[in-house]
Structure formats: structure tokens, C-alpha cells
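Q: Here is my input; please provide its structure:
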Amino acid sequence: MIQKKVNTDLANIQQAVNTIKTAILQSQARAAQAVNQEQLALYFGIGRYVSANTRNKNWGQGMLEQISERLRQELPGLRGFSSTNLKNMRMFYEAWNALESNSSVAADDFGSNSEIAICNVW
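A: Next up is the predicted model:
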């Protein structure tokens, strides 16, 4: 009888561990997906902003370098916003925009969030 109780307890413990572990792993996966989506929306929005200002000649030569440097000064520890990465964000926006305009499928996942985020700053 005692052995049966121990086996039942062990089974209950393992079931509880499996249930909690599954919940943790699923939550971590959803969090990572949300972070990735938010990061892509940010890059898309920054790319749109940079594109609008560089392609319309609002910003001259060296402006992205100055912006990048100022971002590093005002947000110490910030990584990923070098002038090269700002240009890459512009290329990402322009490539996505070109694909979207040539596609019959509307892809609004990046546009709506990033537009709101960048418009709040711009």
C-alpha cells in the first residue's frame, strides 16, 4: 500500500512538473515571438522615417552618422543603431514596401504598429 502511494505521488509530481514546464516553455516562446515582432516593427518604422528623410533630401551627407552618434550619447549602452544599421533599416523598409506594393496580399503586421510608434516621435 505504501509503495502504491509513493508511485502515485511520483506520478502526480511528474504530471505537475510537465504541466508547469509546458506552460513556462509556451510562455517563453510567445514572449520571444512578441519581442521579435516588436523589434521588426521598430526597424520598419525607423526605416520608413529614415527613407522619407534621406530620399526626399531632407537630410544631407553624414546625417545618419550624426544621428547614430547622438543616440549612443543619449542612450548609453544602446546597441544596433549604427549608421550602417540605420541604412539597413531603410533598406528593409524599402524592400518590404516594394514587395507589398507588388503583391496582392496586404501585409499590415509591420506598417500599423511601426507607423504609430514612429509618428509619436516624428
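Q: Regarding the chain, what is its longest helix?
A: The longest helix of the chain (DSSP state H) is helix 2-55.
Q: now that helix: how far from the chain's centre is it?
A: Centre-to-centre, helix 2-55 and its host chain are 14 Å apart (CA atoms, centre = their mean, to the nearest Å).
Q: what sits against Lys4?
A: Going by CB atoms under 8 Å, 6 or more residues apart in numbering, Lys4 touches no other residue. (C-beta placed from N, C-alpha, C; glycine too.)
Q: Quick check: the gap between it and Leu10.
A: 11 Å (CB to CB, to the nearest Å).
Q: follow-up on the earlier one: next helix or strand past the longest helix of the chain?
A: Beyond helix 2-55 on the C-terminal side, the first helix or strand identified by DSSP states H and E is helix 63-74.
Q: Which neighbouring elements make contact with that next one?
A: Packed against helix 63-74 by the contact rule (3 or more CB pairs under 8 Å, 6 or more residues apart in numbering; DSSP states H and E) you find helix 2-55, helix 83-101.
Q: can we see that at 6 Å?
A: Identification of packing neighbours for helix 63-74 by 3 or more CB pairs under 6 Å, 6 or more residues apart in numbering; DSSP states H and E yields helix 83-101.
Q: contacts for the helix it packs on?
A: With contacts defined as CB atoms under 6 Å, 6 or more residues apart in numbering, helix 83-101 is touched by Tyr43, Phe44, Ile46, Gly47, Arg48, Val50, Ser51, Leu64, Glu65, Ser68, Ala107.
Q: Can you name the residues that contact the fifth one?
A: The contact partners of Arg48, taken as CB under 6 Å, 6+ apart, are Tyr93.
Q: per-residue confidence at it?
A: pLDDT, the model's per-residue confidence, is 97 for Arg48.
Q: if I look at Leu86, how far off is Thr19?
A: Counting by CB to CB, the gap from Leu86 to Thr19 is 45 Å.
Q: what about those two, which has more around it?
A: Per other CB atoms under 10 Å, whichever of Leu86 and Thr19 has more neighbours is Leu86, with 23 against 10.
Q: Read off the pLDDT value for the more buried one.
A: What the model reports for Leu86 is a pLDDT of 97.
Q: distance of it from Ser51?
A: Leu86 is 10 Å from Ser51, by CB to CB.
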